[in-house]
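K.L.:
sequence plus predicted model, see below.
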Amino acid sequence: MKCTVCKGPAVIDLRRHNANFCPDHFLRFCRDQVTKAITDHAMIAPGERVLVAVSGGKDSLALWDLLVELGYDAEGMTIGLGIGDYSAASTDAAVAFAGERGLKLCRIDLREDYGYDIPTAATVTRRVPCSSCGMSKRHLIDAAALDGGYDVVATGHNLDDEAAVLLGNVLHWQTEYLGRQQPVLEARPGFPRKVKPLVRLSERETAAYCVLRGIDYIVEECPMAAGNRHLRYKEALNSIEAGSPGTKHAFYFEFLSKAAGHFRPEATEAQEGLAPCARCGAPTTGEVCAFCRLVERVGGHEPVPVDLVRPGRRRRR
Ligand code: Q46
Ligand code: ZN
Ligand code: ZN
């Protein structure tokens, strides 16, 4: 197998691009894809401060590395979710990555800073763990970005993630979610801009990127994800992709160009009428936001006061 660009020995074949690459040209391909995503969707302007949501997995670490490589001012934030060994290993991977490169990483630990963890939240709410987990992560990263004066939050969602979410939204005709499924969500009062610069790269590609760049990411997946719908949608799309390379890319990008606009009015309508949460000030439809209600329900507490926060950790309010 030869590199399509230089004819040297190739290490990866990308069937949907009908191309093979040597290590150098593959890394260049990844940078070009991220640059194209950022440019096409006006994700990040030169000089803006970026906060990268870091889990310690391949996608978030590849994203952080790519943004730094491309010259962006990108700092990281990681949240300890209290999901057994998985969370400890995730935090360790994020801390090691930042430490080796001298990058700034803000850290929050749900148990230490808010008095609860995701398994407890799932038991108390009697809902799947991903529901309180996703909501907590969104709330805390939005707050951290606004508090820290960042211009934009970047997350490591890749093409496989976005295509799987799109399939789920289409299968259930979640029209409000379809209207919001964009690689960029513009800033609104109380919300920072959010971007997904990896939407042009697949999971296999972000993993290969990490291996070739010597990035030590946590390979283990979150144990709470086992059996969730998202994984089944990914498997379904993978089996279609195996027979017809390029289907995932077409499914997602043709949706953006041909269909997403039709659902936008519904998403805009759902976002109207938000007022500040009586406790934390985050935008909410009720008096108290979902995060503050969850913290109360699980017997958690307000963030630890500033002077008790350990050195190297993020200070909240
Ligand atoms: S960490 Fe949290 Fe994910 Fe685990 S509990 Fe679900 S949402 S699967 S990205
Ligand atoms: Zn080459
Ligand atoms: Zn609140």
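P.N.:
Great, that's in hand. Just so it is clear, the model here is predicted, and its values are computed rather than measured. Ligands and ions are numbered 1, 2, ... in the order given.

K.L.:
in the stretch 151-300 of the chain, which spans are helices?
P.N.:
Counting by DSSP state H, counting those that start in this stretch, the segments of the stretch 151-300 of the chain that form helices are 159-171, 175-180, 203-213, 229-243, 247-254, 260-270, 290-297.

K.L.:
how close does the residue of the stretch 51-200 of the chain at minimum distance from ligand 3 get to Val295?
P.N.:
Minimum separation of the stretch 51-200 of the chain from ligand 3 (Cβ to the ion) falls at His139, amounting to 7.6 Å. C-beta: built from backbone N, CA, C; applies to glycine. From His139 across to Val295, the span is 10 Å (Cβ to Cβ, to the nearest Å).

K.L.:
hang on, the earlier thing: between the helices of the stretch 151-300 of the chain, which one is nearest to ligand 2?
P.N.:
Each of the helices of the stretch 151-300 of the chain has some distance to ligand 2 by Cβ to the ion; the shortest is helix 203-213, at 12.3 Å.

K.L.:
and the strands in the protein, which stretches?
P.N.:
Shown for the chain, the strands assigned by DSSP state E span residues 12-14, 19-21, 49-53, 73-80, 105-109, 152-154, 184-185, 193-195, 275-276, 283-284.

K.L.:
nearest to Asp161, of these?
P.N.:
Of all the strands of the chain, the one in closest proximity to Asp161, counting by Cβ to Cβ, is strand 49-53 (12.9 Å).

K.L.:
relative orientation of the closest one and strand 73-80 in degrees?
P.N.:
Per axes from the mean of the first three to the mean of the last three Cα atoms, to 10 degrees, the angle that strand 49-53 makes with strand 73-80 is 30 degrees.

K.L.:
tell me if strand 49-53 is near ligand 1.
P.N.:
No: using Cβ under 6 Å from any ligand atom, strand 49-53 stays clear of ligand 1, coming no nearer than 10.0 Å.

K.L.:
low-confidence stretches in the stretch 101-250 of the chain?
P.N.:
Within the stretch 101-250 of the chain, no stretch falls below the threshold (pLDDT under 70).

K.L.:
hmm, try it at 90
P.N.:
Applying pLDDT under 90 to the stretch 101-250 of the chain flags the ranges 221, 225-229.

K.L.:
grab the nearest non-local neighbour of the residue of the stretch 51-200 of the chain closest to ligand 3.
P.N.:
With Cβ to Cβ, 6 or more residues apart in numbering as the measure, Phe291 is the residue that lies nearest to His139, at 3.9 Å, once sequence neighbours are left out.

K.L.:
is the one you found in contact with Cys280, as I believe?
P.N.:
Yes: Phe291 sits in contact with Cys280 when judged by Cβ atoms under 8 Å, with a separation of 7.0 Å.
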